[in-house]
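**Student:** With the input below, show me the fold.
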Amino acid sequence: MTDPATEDDRGATSSGRPRGWLTGVLVAVIAVGLLLAGGGLAVAMGVGREDQPTTDSVAAGFSRDMSRHHLQAVEMANLALLRTEDPEIRQLAFDISATQTNQLGRMQGWLALWDLPFTGGETMAWMSEGAEMAGHDMAGHDTAGGALMPGMATEAELAELRSLSGTAFDAMFLQLMIRHHQGGLAMAEYGREHSDVDVVERLARSIAETQDAETTTMATMLRARGGEPLPAP
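**Tutor:** From the prediction side, this is the model:
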């Protein structure tokens, strides 16, 4: 016999709102908590007390640009939490949203402690030939809000993703997130190799390792659902 509580979990909450609404609220609460925790961690580690990075340094540029790169990944992951009916996709999306929101909080916390702007400057100028990499293979695409960094989805791609449902949504979500991770990996590896701030180097290393592993996992998930990865950025 089916448990009525189970049926409620699958459809709507006891208040009659759809399950996606509750998931969205929980994600928002977790995101705010992680953002504050990230900034607090930066303070606890003493980042920014002396020898602060300049605005054109690798540490500052990495923190600014990776923050914006992460924001899009969190946006796509939160959309997947509301749209997918696939438990594996939902777990993956939750992990990405939680992890990258935490990392975003840390990077924004560092910038605040260094008294540096969260935005501005030439995209990826902190990387050797970084400006040329920004928007790579994105000619003709919408770059509102600044040049697209490697792997980022265009507004047209995001609009298409929002229009989909079911397996079609899951497949496109995986395709966009795989490419997004691949683009972020190059940025993380450069930050790991060239930052002269220890905490930035460690975060860049963690991002590189995590996104490399998740890319492999997502490629397997995508092929199991009948799709193939997009060309790498």
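**Student:** Look at Pro231 and say how many residues are nearby.
**Tutor:** 7 (other Cβ atoms under 10 Å). Just so you know, the C-beta spots here come from the backbone N, C-alpha and C atoms, and that holds for glycine as well.
**Student:** tell me the secondary structure for it?
**Tutor:** coil (DSSP: H, G, I helix; E, B strand; the rest coil).
**Student:** any idea how far it is from Phe94?
**Tutor:** 28 Å (Cβ to Cβ, to the nearest Å).
**Student:** and what of Gly105?
**Tutor:** For Gly105, the distance to Phe94 equals 17 Å [Cβ to Cβ].
**Student:** Same question for Leu174.
**Tutor:** Using Cβ to Cβ, Leu174 is found at 15 Å from Phe94.
**Student:** Have a look at those two and say which one is more surrounded.
**Tutor:** It is Leu174, of Leu174 and Phe94, that has more neighbours when counted by other Cβ under 10 Å, with 25 against 18.
**Student:** remind me which residues of this protein are low pLDDT?
**Tutor:** 1-50, 129-146 (pLDDT under 70).
**Student:** quick one, helices of the chain?
**Tutor:** Ranges of helices in the chain, per DSSP state H, are 4-10, 19-44, 58-83, 87-113, 130-133, 155-163, 166-194, 198-224.
**Student:** And for the spatially closest residue to Phe94 that is not a sequence neighbour, the neighbour number?
**Tutor:** Nearest non-adjacent residue to Phe94, counting by Cβ to Cβ, 6 or more residues apart in numbering: Leu81, 6.3 Å away. The number of residues packed near Leu81 is 21, by other Cβ under 10 Å.
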